[in-house]
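*Asks:* how would this look folded up:
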Amino acid sequence: MNSIKTFLLIVTLASLTLMIFLSALNGYRDSLIKAEQLFDSELADKAQLLSISLSDTSIKRNIEQKKTNIDFFVFQVWKDNKLILHSLQSPSNAIAPFQQGFNDRNFLSHRWRTYSHYNQDSDLWILTAERMDIRYSLAENIILESVLPVVIMLPLLGILIWTIISYGLSPLRKLAGELGSKRADDLSPLAIDKQPVELKQVVNSTNDLLYRLKSSFQREKRFASDAAHELRTPISAIKIHLHNLSKNIPAEDHSFKQLQLSVDRMGHLVEQILDLNRTSHEKYITRFKTLDLYNLAQEVIAREYPQFDKKNLQIALEGEHCDIEGDPFALDVLLQNLLTNACKYTPEGGSVLVSVLVDKANVELLVQDSGPGVPEEQYKRLFDRFYRLNGDCHDSGTLGCGLGLAIVKQIVELHHAKISLGHSSFSSGLLVNIEFPTSAIVKNNYDK
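*Replies:* Predicted structure coming up:
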């Protein structure tokens, strides 16, 4: 059932049509019976009228002179088994048996309804007959004239029912429209006035659910943000003490190195949690600015270049300038995370390529490396929070917490863009492709 309104209309009209059809059929049958009774009564009345008229000699003479010429009605007057008077179309033999009452007879190539009446005073048999096909035709015309308006009114009735059902379901349609227009991050209550009784409980339950979800998300975000802020101070203090201890502990001490790596990882995790919280839907500032994506990529590459140089990695930027609408801070975090990941998982002497591709339809930001790559079945999992390929003991042995691509995906969704993973153009490695919508493009080279 795709539409309640369509279902109600079809069922109501079908039921109504069936009832009208059955009623019309029953009325047609009853009307035919009553019409037949009426015609029989009329036929008998004609016989009675002829019987009375024939008792008057002057009237009898008048009837004989005129000799009726009606093709659907005939009569005969018999006396002592002799035909003494008849209509113009009447045959010479008796059209009905000499027996009081109604009969059906065939003569003159038609089926006739006959009536026989005996006048004892005059010793006359009055036989009258009417063609049955004409009687049926007259009866059907009368019945159809009464049924036809009902049939004609059926489409108008359908329009009326459609209007009534549409009006009755308008609150439900309004509720569906408001729910459908809500964004994924919109947890505000439904603002629907004058709800019918049937929808009040639905709206109230939905608003209650939205309120609980919003409160739960706020508590989660508040906890993550507060915990990250509170952890910054002790981590900074630990780093200071480690720096002081490094003067008294040999640089090749394995335990001391592991301690430093653990503290660095904790600090990195705290910063990633803070970045994730800053770019959340609840705290995100939607006042986009016009920025050149190519220039932003240049700035981030220049800032992150020392870590690439440290691993002897080749990094290149290609493409063209393009102005888009976006949040500079969020896109900066996005590029930083992508470049950090590429630097982490690309072995020494490898290559990283950043591309800004522009055409009439869209703008694509591509970051690809010559690292070991990722199996295709793991692509979706990479966007999960705290997920790392092969767990914490990653093959590269690099520092990470599994939040980088989760943050990237969140920023992509904030800009209504699309992100996909694939194989890089190098012999091995991962390709991250971000496609910005046409609505985000302000100006590109095709506009010049």
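*Asks:* Quick check: which helices or strands does the top strand by length along the chain pack against?
*Replies:* Secondary structure of the chain per DSSP state E: the longest strand is strand 110-119. For strand 110-119, the packing partners by 3 or more CB pairs under 8 Å, 6 or more residues apart in numbering; DSSP states H and E come out as helix 4-54, strand 101-107, strand 124-131, helix 132-181. C-betas here are computed from N, CA, C, even on glycine.
*Asks:* Now render those as TSV, adding distance to Ala361.
*Replies:* Below are those laid out as TSV (distance: least, CB to CB, whole Å):
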stretch	distance to Ala361
helix 4-54	37
strand 101-107	83
strand 124-131	80
helix 132-181	26
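*Asks:* so which of those is the most packed in?
*Replies:* Mean neighbour count (mean count of other CB atoms under 10 Å) peaks for strand 124-131 among those, with a mean of 24.
*Asks:* before we move on, back to that, give me the sheet partners of the longest strand of the chain and which way each runs.
*Replies:* Note on strand 110-119: by DSSP bridges, its sheet partners are strand 101-107 (antiparallel), strand 124-131 (antiparallel).
*Asks:* what about dumping the CA coordinates of that strand to PDB?
*Replies:* Provided in PDB are the C-alpha atoms of strand 110-119 (Å, rounded to 0.1, in the frame of the first residue of the first chain):
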ATOM      1  CA  HIS A 110     -43.700 -11.000 -32.900                       C
ATOM      2  CA  ARG A 111     -44.200 -12.100 -29.300                       C
ATOM      3  CA  TRP A 112     -47.400 -10.600 -27.900                       C
ATOM      4  CA  ARG A 113     -48.900 -10.300 -24.400                       C
ATOM      5  CA  THR A 114     -52.600 -11.100 -24.600                       C
ATOM      6  CA  TYR A 115     -55.600 -10.700 -22.400                       C
ATOM      7  CA  SER A 116     -58.900 -12.400 -22.800                       C
ATOM      8  CA  HIS A 117     -62.100 -10.900 -21.300                       C
ATOM      9  CA  TYR A 118     -65.600 -12.300 -21.500                       C
ATOM     10  CA  ASN A 119     -68.700 -10.000 -21.400                       C
END
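*Asks:* Rebuild the strands paired with strand 110-119 as JSON lines, extending it with distance to Leu49 and mean pLDDT.
*Replies:* As requested, those are exported to JSON lines (distance: least, CB to CB, whole Å; pLDDT from 0 to 100):
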{"stretch": "strand 101-107", "distance to Leu49": "17", "mean pLDDT": "89"}
{"stretch": "strand 124-131", "distance to Leu49": "9", "mean pLDDT": "89"}
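*Asks:* Which positions in the longest strand of the chain come out as buried?
*Replies:* By 16 or more other CB atoms under 10 Å, the buried positions in strand 110-119 come out as 112-117, 119.
*Asks:* That one relative to helix 4-54, how many degrees between them?
*Replies:* 40 degrees (axes from the mean of the first three to the mean of the last three CA atoms, to 10 degrees).
*Asks:* could you check the angle helix 132-181 makes with strand 110-119?
*Replies:* Calculated by the same axes, to 10 degrees, strand 110-119 forms an angle of 120 degrees with helix 132-181.
*Asks:* I'd like the mean pLDDT over strand 110-119, please.
*Replies:* Averaging pLDDT along strand 110-119 yields 89.
*Asks:* And the contacts of it?
*Replies:* With contacts defined as CB atoms under 8 Å, 6 or more residues apart in numbering, strand 110-119 is touched by 39-40, 43-44, 46-48, 51, 54-55, 74, 95-106, 124-133, 135.
*Asks:* Give me the secondary structure label for Trp78.
*Replies:* Assigned state for Trp78: strand (three-state reduction, DSSP: H, G, I helix; E, B strand; the rest coil).
*Asks:* Distance-wise, check the residue nearest to it when sequence neighbours are not counted relative to Asn106.
*Replies:* What sits nearest to Trp78 in space, not counting adjacent residues and going by CB to CB, 6 or more residues apart in numbering, is Trp125, at 4.2 Å. When distance is defined by CB to CB, to the nearest Å, Trp125 is 20 Å away from Asn106.
*Asks:* How many residues are close by Phe288?
*Replies:* Using other CB atoms under 10 Å, Phe288 has 17 neighbouring residues.
*Asks:* Return the residues in contact with it.
*Replies:* Counting by CB under 8 Å, 6+ apart, Phe288 touches 325-327.
*Asks:* show me where the stretch 151-300 of the chain has strands.
*Replies:* All strands of the stretch 151-300 of the chain, identified by DSSP state E, counting those that start in this stretch, fall at 289-292.
*Asks:* So which helix or strand of the protein has the lowest pLDDT on average?
*Replies:* Lowest on mean pLDDT, DSSP states H and E among the helices and strands of the chain sits helix 57-66, with a mean of 46.
*Asks:* quick one on the thing from earlier: the residue nearest to Trp78 bridge partners, please.
*Replies:* Trp78, Tyr118.
*Asks:* Looking at the strands paired with strand 110-119, spot the one closest to Val150.
*Replies:* Val150 sits nearest to strand 124-131 of all the strands paired with strand 110-119, at 29.3 Å, using CB to CB.
*Asks:* Filter the contacts of Phe288 down to the buried ones.
*Replies:* Among the contacts of Phe288, those classed as buried by 16+ other CB under 10 Å are 326-327.
*Asks:* Check pLDDT for the contacts of Phe288 and point me to the minimum.
*Replies:* Across the contacts of Phe288, the smallest pLDDT goes to Asp327, namely 80.
*Asks:* What separation is there between it and Lys311?
*Replies:* When CB to CB is applied, the distance between Asp327 and Lys311 equals 30 Å.
*Asks:* got it, and Leu154?
*Replies:* Counting by CB to CB, the gap from Leu154 to Lys311 is 81 Å.
*Asks:* got it, and Gly371?
*Replies:* For Gly371, the distance to Lys311 (CB to CB) stands at 11 Å.
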